Structure formats: C-alpha cells, structure tokens
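Engineer: Show me how the following folds:
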Amino acid sequence: MGEAMATNPPAGTGEAEPPAAARLRLFVAIELPAAWRRYLAARAAELERLAPGYARWVAPELLHLTVVFLGEQPPAQRAAIERALRDATARQAPFQLALGPLGHFGGAVPRVLWVGAHASGHGLEALHAAVGAALAAEGVAFDRKPLVAHLTLGRARPGADPAVGRRLARQLPALPLPAAPPPFTVEALTLMRSELQPAGPRYTPLARFPLTPRAGRGTPT
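Structural biologist: You can find the predicted model right below:
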C-alpha cells in the first residue's frame, strides 16, 4: 500500500487552502424591489421574442445589481468581509437608484444583455469605492474592475448564432421601452453567496448591511 497523503501544508507556506468545494463564491449586491424585477423580466421576454433561443435569461427572483464581485473565498475570510462591509456602509448614506437604457457587453455580438442603472449624486460610485477600500484594508481579494452599473438580463448561450446577436445589437438602441418603475431608495447592501448548478445559479443572502442616514438630513432624492 502507498503512503497516506499528508494533510499538513509544507513548512513556510502557511495554512492549506480549503478545497474548491469548501470555498464560498461571494458578491456584494443591491437587492431590487418587486416592481423592478417584474419590469426587467418583461424586457427579457421581449428580447427573447426578438432573438428566440439566443440567450439564457436570469430568473426574476435572481435579478440584482452587483456592487463588488469577490469570487471564491475561504470560509475563514467571511468575518473580515463582513467587518469591511459594516465599516463601508456605516459611512455611506442611502441614495436613490433609477433605471437606465438597454445595453450589452461583447461588442458587435452581445455576450451579456442588461439594463443600466444610475444613482442620485455620486451615491453608487461612492459606495463602490468605500466597499473596495474597506475590503482592501482587511486584505480581502476582490474584482477591482471599475463599476459599470447594470442589471444583467441574460447571457448568450454557448454556440448562439453570431448573426442573430449582431441583429439584436443593432435593434437595441431603437427598441421602444415602456415607462420604467420609479426610482427606489437603496438602504442596504447584501453579501450574497452564489452556487453554480446545472439548472442555474442559486443565490443565498448571508448578511445585510444598512446604509447610515446622515444626521440631521433626509434621504437624498
């Protein structure tokens, strides 16, 4: 019989990384009101009629705005992440978020279809910066790409016809949109766990972190 595999890390390398199955795939999000989810689901259904089968659409209950993507994290890092989010939200006031136009990533052949979002003042940008700074101070790795505020409706299926995608991309700018639901006040951030499954992702809220109204001032409008 062969020797048993050692369970301790080699000297000088620190603690062993947990196996991928034990790691937490995390992101920080703004949850959406029901009226927004219904509106966005209707936009996805309209795009499906324009380009049947081109994209895999996000289930309405999973729609959200990602503020920071953390990727896979060891469970032991969760406490540091939550400290960072408490620190960041304690210094950020609630703000209004409104829906924007349809858009896509991927150039002439869309790979991600989305609806934009924009905040009153610089509330969303300030929140994104505060979360990034707090995570960095805790030594937490995260995706440092600039914030492009969007709500993902769907992603192109593997093998989707590029000609269909190009046609859809040309149609988006002129596509008439019904009146959007009114802006809502963002009052908290949510730490979400994402579990990728054959039937689609499952998102589980792990903790919520309220934003802190400024003393003596109302919520921005």
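Engineer: Go through the one helix or strand Val68 maps to and flag the buried ones.
Structural biologist: Using DSSP states H and E, Val68 falls within strand 64-73. Across strand 64-73, burial judged by 16 or more other Cβ atoms under 10 Å covers 64-68, 70, 73. The way it works is simple: take the backbone N, C-alpha and C, and place the C-beta from them, glycine included.
Engineer: tell me which residues of the following helix or strand past it are tucked away?
Structural biologist: Next in sequence after strand 64-73, counting helices and strands by DSSP H and E, comes helix 78-90. Going by neighbour count (16+ other Cβ under 10 Å), the buried part of helix 78-90 is 78, 80-81, 84-85, 87-89.
Engineer: As a check, name the ranges of all helices in the protein.
Structural biologist: Along the chain, the stretches classed as helices by DSSP state H are 34-50, 78-90, 123-137, 162-171.
Engineer: So for Leu153, which of the ones you listed sits nearest?
Structural biologist: With Cβ to Cβ, the closest approach to Leu153 among the helices of the chain belongs to helix 34-50: 4.4 Å.
Engineer: any residues touching that closest one, and which ones?
Structural biologist: Applying Cβ atoms under 8 Å, 6 or more residues apart in numbering, the contact partners of helix 34-50 are 32, 54-55, 57-58, 60-61, 63, 99, 102, 113, 115, 151, 153-154, 168, 171, 175, 177-178, 180-182, 184.
Engineer: Please work out the average pLDDT along that helix.
Structural biologist: Mean per-residue pLDDT for helix 34-50: 96.
Engineer: tell me the angle that helix makes with strand 64-73.
Structural biologist: 90 degrees (axes from the mean of the first three to the mean of the last three Cα atoms, to 10 degrees).
Engineer: Please work out how many residues are found near the nearest residue to Ser194 once chain neighbours are set aside.
Structural biologist: Excluding the flanking residues, the one nearest Ser194 by Cβ to Cβ, 6 or more residues apart in numbering is Arg25, at 4.6 Å. Using other Cβ atoms under 10 Å, Arg25 has 17 neighbouring residues.
Engineer: go on, Ala199?
Structural biologist: Counted with other Cβ under 10 Å, Ala199 comes out at 6.
Engineer: The one 10 residues further on now?
Structural biologist: Other residues near Phe209 number 20, with proximity taken as other Cβ under 10 Å.
Engineer: Can you name the residues that contact it?
Structural biologist: By Cβ under 8 Å, 6+ apart, the neighbours of Phe209 are 82, 85-86, 88-89, 188-191.
Engineer: And for Gly116?
Structural biologist: Gly116 is in contact with 99-103, 149-151, counting by Cβ under 8 Å, 6+ apart.
Engineer: give me every residue that touches the most centrally placed residue in the chain.
Structural biologist: What sits nearest the mean C-alpha location of the chain, by Cα atoms, centre = their mean, is Thr66, with 2.1 Å. Thr66 makes contacts with 27-29, as judged by Cβ under 8 Å, 6+ apart.
Engineer: try it again with 10 Å
Structural biologist: By Cβ atoms under 10 Å, 6 or more residues apart in numbering, Thr66 lies in contact with 27-30, 128, 143, 147-152, 192, 194.
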